[in-house]
Structures are given as C-alpha cells and as structure tokens.
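In: with the input below, show me the fold.
(one chain, ligands or ions: 1)
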Amino acid sequence: MALINENYLKLPGNYLFSEIARRVEQFKAEHPKADMIRLGIGDVTRPLPGAVIEAMKKAVDEMGRPETFRGYGPEQGYDFLAKKIIENDLTPRGIEAAVDEVFVSDGAKSDTANFQELFGLNNIFAVTDPVYPVYVDSNVMAGRTGVHKDGKFDRVVYLPCTEENGMKPALPSARVDMIYLCFPNNPTGMTLSREELKKWVDHARENRSIILFDAAYEAFIREDGVPHSIFEIEGAREVAVEFRSFSKTAGFTGTRCAYTIVPKEVKVYDAKGEGYSLNSLWLRRQTTKFNGVSYPVQAAAAAVYSEEGKKQVKELIDYYMENARIIREGLRKAGYKVFGGVNAPYIWMKTPDQLSSWDFFDRLMRTANVVGTPGAGFGANGEGYFRLTAFGTRENTIEALERIATKM
Ligand code: MLT
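Out: Below you'll find the model as predicted:
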C-alpha cells in the first residue's frame, strides 16, 4: 500500500480556477442557451502578435531541416533569448543582470510554485492576503504551512491588504524568512511606489529575508513612479528573486514562456551559517527537473523584442488596458466601489449588499451570465470582494458591463 503525501490533505478544496471552471461548466450544462462572458481567470483573448507567429513558423521550419534541427537546448534557456531579455527589459531600467542569472521557463506559475523547494521546511514565509493562491498551495504541498484552522495556516504570516491600508501590506511585525510579493498585484490590481518597495528591500536586507517578487504584470504599468522590477531598488540583488512572464504581456498563456531572474548574491544558509547561492541551487534544480522551453517557443519569445514585436505588444497592452478602463468606469457608474485597473489588468470590486464573494459570483453568473473570480478564493481578506479581468474581448467587456449595469 503506497502512502499519500499527507500535505496534500491539508489543501483546502480545489485549485481556485479549477473550481470556477467546474461551477461554470455545471451552470452551462443546466442552461445550455446561456451566453456566458468569462472575465474570471486572467486568460488572454487576443491572438499572438504577427512578429511572434512569423518567428515561430521560421523556427518550426528550422526544426524540419537536418542542418538547422535542434535537440535538447540548455535547461535554463537559450542565450539568444536571455540576451534579448537583458537588453530590452533590464538594461534600459538600469538593472544589471548576467545571462546566467536569467532562467527561461514555461511559466511564472510553475516557477513561483517550484522555487520554494530551495528553502528549508522550517522557514516561515509571509504572503499578502488576498494573494495569488499558487504561493500558498505550493508551500502546503511541500509541508511548510502547518495546520489549517479558521481559513488560515498557522505557520504562514498573512499581511492583510484592506481598504483601510489602501491594499498595501504592512511590513511583517516579526522577522520572516521568505516574503512573496506581487506588484502590480494579482488580485487587487494595486501597485507600490518606488519608496514603498524600497521599504521592503530595506526590511529584507536588515532581516536577511528573501523576497520572491512576482512581476508578471509589470508591462501593464501606466503611471510614472511605479517600479517595473524590484531590481530598480538599490540593494535588491542581495535579497530578491523576480518572476516575469510573456503570458499576459505577449499573449503566451497557451504558448508558455516566462523567465526568472536569480542574482548570484542571494543566499540561503545551512545550520552552520554557510551560505549557498540561490542561483546555483536553482540551476541545479532546473537542470535536474526541467528540460527547457521548446526552441520554437523561445524563438517566438525573442521576437517580442523585434521592432515589429514591440509595436504589436504595445497594441495588445493598450487594448487590454482600455478594457480595464471600461470595466473600472462602468462599475463606478453602476455604483460599485472599485480598486486597481489603472496599472494592472485586474479590477477589484467590493461586492454589493454585503454579499459573500461566492454568493456574488453565483448572482453574477445566474443573472448576467458573467463570470468573475470571488475574492475569498484569494484569502480571508478577499471575502467581500470580487475580481474581474481586462483580458476579455472588447465586445464581451462592453457587453458584460452593460449587463451588470442593467441586470444586477
Ligand atoms: C489569474 O487569473 O490569476 C491568472 O491567470 C492565474 C495565472 O496566471 O496562473
């Protein structure tokens, strides 16, 4: 008889977005004629940019000819892509990174979920509440979170993001080992200023904590003064790792490509106080458990940085951010209180009539046939809130807001 990894028994329910998909499927089975609009999971709807498609086709052709065929690539990604990333995403913002500090992967979800493997099980970590559920669930699976009681794990430090604090978490009151931060934030759509992010970097340096910074939504920042990378902050190379993605930026949710920056200075320690570079450990982990992203996909990702590619990606982002504006303003006009959606593709709204977030999910699905994400799925402080994404089509976004204004 094989025994279960009992940590899996501590997971509260299904993965959030699987649970939503399940409820929507059930509703559709009962109401086959319902014209559903999905603004739940942050999945893009615009096709891949033309420059990306061209590069991918060319790479596929190369794979079909003996003289240009490629087998296994480097597990951490091809240099040609890492160099383009550095030249375009990092150097212009004054961020220094070497090619071997950039790890190309199949997604920020897998990287943020896997990275915790490099840390001891006794480490205490902090997350914002609400939070992208992958950070907590992956630590539950690893056995780092303790007991689940009253909606919380007793070995996790939750940093509330509430209306009172403007959805900006306070620093942990006691020292923690690992801190997950995501800005622009999923789910609230809110950001930190450079000064605010600096406080986190300084705190991590003073406490020798490590910040796991998810910057998957940085391309949606519209306002000046909002950092696109934690490495824009002095000293961050000693204490931070950053996750980035082509998914939302360039339409890669179904194509899969992302990257993680792991500076060589960031260290974890053994019981004797000897330090080990996270960069070497992550390389060891990736070379063992991952065989890299396919060549055509990396070639496609590199095309995001061509002149044409940059123009087309900008158009994509403008398109989604216009959706964000339509949602934000439409909800406000309909009398809802809303957050986010200015520098992020997520709009975080208060549920009306004191409805629980799952009750509002049901009401919206049944009355308006619009699907969103209940805030409670992101943590206890998400209760009473609801998330809509700007990643729908323009037509659906306008129609959804029309239905919310007239039917709800
Ligand atoms: C979300 O809706 O929060 C995202 O799509 C989830 C993800 O990127 O994995």
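
In: okay, strands next: where are they in the stretch 1-150 of the chain?
Out: For the stretch 1-150 of the chain, strands defined by DSSP state E, counting those that start in this stretch occupy the ranges 37-38, 102-105, 125-129, 148-149.

In: tell me where the stretch 301-408 of the chain has helices.
Out: Along the stretch 301-408 of the chain, counting by DSSP state H, counting those that start in this stretch, helices occupy 307-333, 357-363, 394-407.

In: any idea which of the ones you listed gets closest to the ligand?
Out: helix 307-333 (12.7 Å; Cβ to the nearest ligand atom). All C-beta spots, glycine's among them, are computed from the backbone N, C-alpha and C.

In: the closest one: how far from the chain's middle?
Out: Remark: helix 307-333 is offset 18 Å from the chain centroid, using Cα atoms, centre = their mean, to the nearest Å.

In: buried ones in that helix?
Out: 309, 312-313, 316-317, 319-321, 323-328, 330-331 (16 or more other Cβ atoms under 10 Å).

In: now do that helix and helix 394-407, the angle between them.
Out: Here helix 307-333 runs at an angle of 0 degrees relative to helix 394-407 (axes from the mean of the first three to the mean of the last three Cα atoms, to 10 degrees).

In: helices and strands around helix 307-333, which ones?
Out: Under the contact criterion of 3 or more Cβ pairs under 8 Å, 6 or more residues apart in numbering; DSSP states H and E, helix 307-333 touches helix 50-63, helix 247-250, strand 338-340, strand 346-350, helix 394-407.

In: the shortest one near the ligand anywhere?
Out: Right, the one you point to is strand 338-340. No: using Cβ under 6 Å from any ligand atom, strand 338-340 never reaches the ligand; the gap is at least 12.5 Å.

In: helices and strands around that strand, which ones?
Out: helix 307-333, strand 346-350.

In: likewise the second one?
Out: Taking 3+ Cβ pairs under 8 Å, 6+ apart as the contact definition, the neighbouring helices and strands of helix 247-250 are helix 307-333.

In: could you check the angle helix 50-63 makes with the helix it packs on?
Out: 130 degrees.

In: next to the ligand, which bits of the stretch 51-200 of the chain? Give me the list.
Out: 109, 132, 186.

In: just put the strands of the stretch 1-150 of the chain in JSON lines and tack on mean neighbour count.
Out: Formatted as JSON lines, the strands of the stretch 1-150 of the chain follow (neighbours: other Cβ atoms under 10 Å):
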{"stretch": "strand 37-38", "mean neighbour count": "20"}
{"stretch": "strand 102-105", "mean neighbour count": "24"}
{"stretch": "strand 125-129", "mean neighbour count": "24"}
{"stretch": "strand 148-149", "mean neighbour count": "12"}
